[in-house]
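Sequence and predicted structure below; questions after.
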Amino acid sequence: MPTRRTSLIAALAMLGTLSLNASPAAAQARTDFKVAWSIYVGWMPWGYASDAGIVQKWADKYGLTIEVTQFNDYVESINQYTAGAYDAVTVTNMDALSIPSAGGVDTTAVIVGDFSAGNDAVFVKDGSSLADIKGRDVNLVEFSVSHYLLARALDSVGLSEADVKVINTADPDMVGAFQTADVTAMVTWNPMVSEIAALPGATKVFDSAQIPGEIIDLMVANTQVLADNPDFGKALAGIWYETATLMVSDTPEGAAARAAMGAASGTDQAGFEAQMAATELFDKPGDAVAFTTSPDLAKTMDLVRLFLFDKGLLGAGAMSADAVGIALPGGTILGDANNVKFRFDETFMKLAADGAL
């Protein structure tokens with residue numbers, strides 16, 4: 001199943017061949033926009049909104065045409081955005097920093113949609129605690145948020161990656177691999193987490209609920225495109241909050257939406273709702289604004305950029321974690337203020353909260 005957490009190796013290889021000057025050429029006042037998304041519980045609203053006419057409704061309100069395209073390959077969606085073929089894309093906070101921003105494309109988080117609150121987990125066999133992972137091979141998608149989760153988990157018990165050996169494993173192979181004798185530790189995400197948790201001998205020893213707010217799912221847009229076309233940001237906010245409100249509603253219409261999103265993501269309504277339960281979804285714009293303007297976001301992004309630098313994922317010329325600047329609400333900048341390429345902007349979420357869309 002396609003997911004938001006495919007290995008970044010292919011994306012990093014592509015950075016050298018992408019035409020990173022393509023996106024500025026599109027930065028001008030215009031009415032046609034392209035949005036890319038890929039399958040994950042927190043991003044299913046974008047596909048549903050397109051199918052249900054919600055995208056059309058908000059595009060019409062602002063006199064725009066918005067084309068929403070599903071990608072089966074998450075990394076390819078980010079590559080296409082980075083190359084300038086798309087104006088906006090669904091992406092995690094970590095991957096937004098390591099791919100387009102580190103690749104030179106100034107990118108703004110327009111919608112902070114959710115964070116993982118149990119969808120990502122660490123499992124061991126023949127053990128009862130995280131400390132039992134020491135000395136083991138750990139199967140995960142290398143350089144993904146699973147890799148980040150492992151690093152955070154190890155740190156919580158005084159271990160480091162030197163105490164284990166990471167085995168890069170493709171996400172479709174996870175469940176089968178865990179059932180082999182050679183695999184005794186694994187880090188993965190839903191829906192595989194639910195499947196592995198049900199297997200004999202599997203013990204979940206850490207999950208993303210223990211690092212709340214760190215694995216964040218976003219809708220980002222090219223900063224210059226957004227600056228030149230603020231109505232595009234307004235439309236994105238309108239689409240998100242109308243659809244997310246429906247998604248969580250205890251109504252027949254809400255149940256039908258969840259069933260449709262579940263089917264589109266390869267599960268059913270019950271399976272989709274189980275994934276929603278492990279996701280802190282920001283369906284209320286005020287909550288998203290509070291999260292985005294909290295000092296905790298700076299702490300999270302500091303952890304993320306340090307991890308990425310340690311793995312060599314901030315660009316070949318990065319001499320420190322400060323190489324790529326990150327702008328946060330209130331004027332806080334992490335890293336190089338002269339090379340800000342990733343921005344968290346609460347503007348459009350606040351307009352939604354104020355009823356001003």
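Everything's here; your move.

And the strands in the stretch 251-357 of the chain, which stretches?
279-281, 325-327, 333-334, 340-344 (DSSP state E, counting those that start in this stretch).

The chain now?
Per DSSP state E, the chain carries strands over the ranges 32-38, 65-71, 88-92, 107-116, 120-125, 137-140, 165-168, 185-189, 202-207, 216-222, 279-281, 325-327, 333-334, 340-344.

what packs against the first one?
With contacts defined as 3 or more C-beta pairs under 8 Å, 6 or more residues apart in numbering; DSSP states H and E, the packing partners of strand 32-38 are helix 44-52, strand 65-71, helix 74-82, strand 88-92. For every residue, glycine as well, the C-beta is placed using N, CA and C.

Mind listing residues that contact it?
With contacts defined as C-beta atoms under 8 Å, 6 or more residues apart in numbering, strand 32-38 is touched by 2-4, 43, 46-47, 64-74, 77, 80-81, 85-90, 219, 225, 229, 232, 236.

that older thread, between the strands of the chain, which one is closest to residue 245.
The closest of these to residue 245 is strand 279-281. By C-beta to C-beta, the value is 10.3 Å.

Relative to the closest one, what are the paired strands and their orientations?
When sheet partners are counted by DSSP bridges, strand 279-281 sits next to strand 107-116 (antiparallel).

the inter-axis angle of the strand it pairs with versus strand 340-344?
Comparing the axes of strand 107-116 and strand 340-344 via axes from the mean of the first three to the mean of the last three C-alpha atoms, to 10 degrees yields an angle of 50 degrees.

So for strand 107-116, mean pLDDT?
Averaged over strand 107-116, pLDDT sits at 98.

Please spell out which residues along it are buried.
Using 16 or more other C-beta atoms under 10 Å as the test for burial, strand 107-116 gives 107, 108, 109, 110, 111, 112, 113, 114, 115, 116.

Show me what the last one bridges to in the sheet.
Beta bridges link residue 116 to residue 279 when assigned by DSSP bridges.

Tell me who's in contact with it.
Counting by C-beta under 8 Å, 6+ apart, the residues that residue 116 touches are 145, 189, 208, 214, 215, 217, 278, 279, 280.

Rank these by pLDDT and give me only the lowest.
Within the set of these, pLDDT is lowest for residue 189 (87).

Can you report how many residues lie near that residue?
Residue 189: 28 surrounding residues under other C-beta atoms under 10 Å.

That one and residue 229: what is the separation?
Residue 189 sits at a distance of 33 Å from residue 229 (criterion: C-beta to C-beta, to the nearest Å).

same question, residue 302
Computed as C-beta to C-beta, the residue 302 to residue 229 distance reads 31 Å.
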